[in-house]
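[1] Quick check, what structure comes out for this input:
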Amino acid sequence: MSSQATPIQGSRPVTPPLPTAGSPRSPESLQPPACRHRDRSPSPMRGYLIPSPLPTRRNRTCSATARAAEGPMFSGVCKYFSRSKGHGFITPSDGGSDIFVHISDIEGEYVPVEGDEMSYKICSIPPKYEKVQAVEVTITHLNPGTKHETWAGRVVSS
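    Have a look, this model is predicted:
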């Protein structure tokens, strides 16, 4: 018996079919979903600049963002916030356990300090989606008598 493989007569190489518009390998399916598109800075120097030390808004799935946007607005008081750690906690006005807030979910010009009144929406946190975190957080009233810092680092007394 010979150890060499013998070619089959009349066989020819098989080429894969061209991808159709709905197939997983089509160019249309390789594009990210429309909700993940983010506008980029119009600056012509964008590629040459050092990245900002401020964290950007974290990516969430389209459905999680939509659920958070549809939810009600809550209010509470800033219990603790660490700019260097990038997170803090809000004590809800209606009681209950403290709610986690990430630095990327804070909107506005000031860094929160203890005692600031805040409004926010909530979004569940993976992996089990049992805990929640505050999103779309805005400071509604600055705590009087405290020094507040802007994200740019300027200190303002209130």
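[2] My read is that Ile122 contacts Gln133, right?
    Yes - the pair Ile122 and Gln133 passes the contact test of Cβ atoms under 8 Å, sitting 7.0 Å apart. Quick note: C-beta positions are derived from backbone N, CA and C, even for glycine.
[3] could you show me where the strands are in this structure, in order?
    Taking DSSP state E as the criterion, the chain carries its strands at 74-82, 87-92, 99-102, 106-107, 117-125, 131-141, 147-149, 155-157.
[4] The fifth one to strand 87-92, inter-axis angle?
    Pointing back at strand 117-125 there. Per axes from the mean of the first three to the mean of the last three Cα atoms, to 10 degrees, the angle that strand 117-125 makes with strand 87-92 is 110 degrees.
[5] I'd like the distance between Cys78 and Glu70.
    Distance of Cys78 to Glu70, given as Cβ to Cβ, to the nearest Å: 25 Å.
[6] Neighbour count for these two, which is higher?
    Neighbours were tallied for Cys78 and for Glu70 using other Cβ atoms under 10 Å; the higher tally belongs to Cys78 (22 against 8).
[7] If the more buried one is in a bridge, with which residues?
    Listed beta-bridge partners, Cys78: Ile90 (assigned using DSSP bridges).
[8] what separates it from Pro126, distance-wise?
    Shown here: Cys78 relative to Pro126, a distance of 24 Å by Cβ to Cβ.
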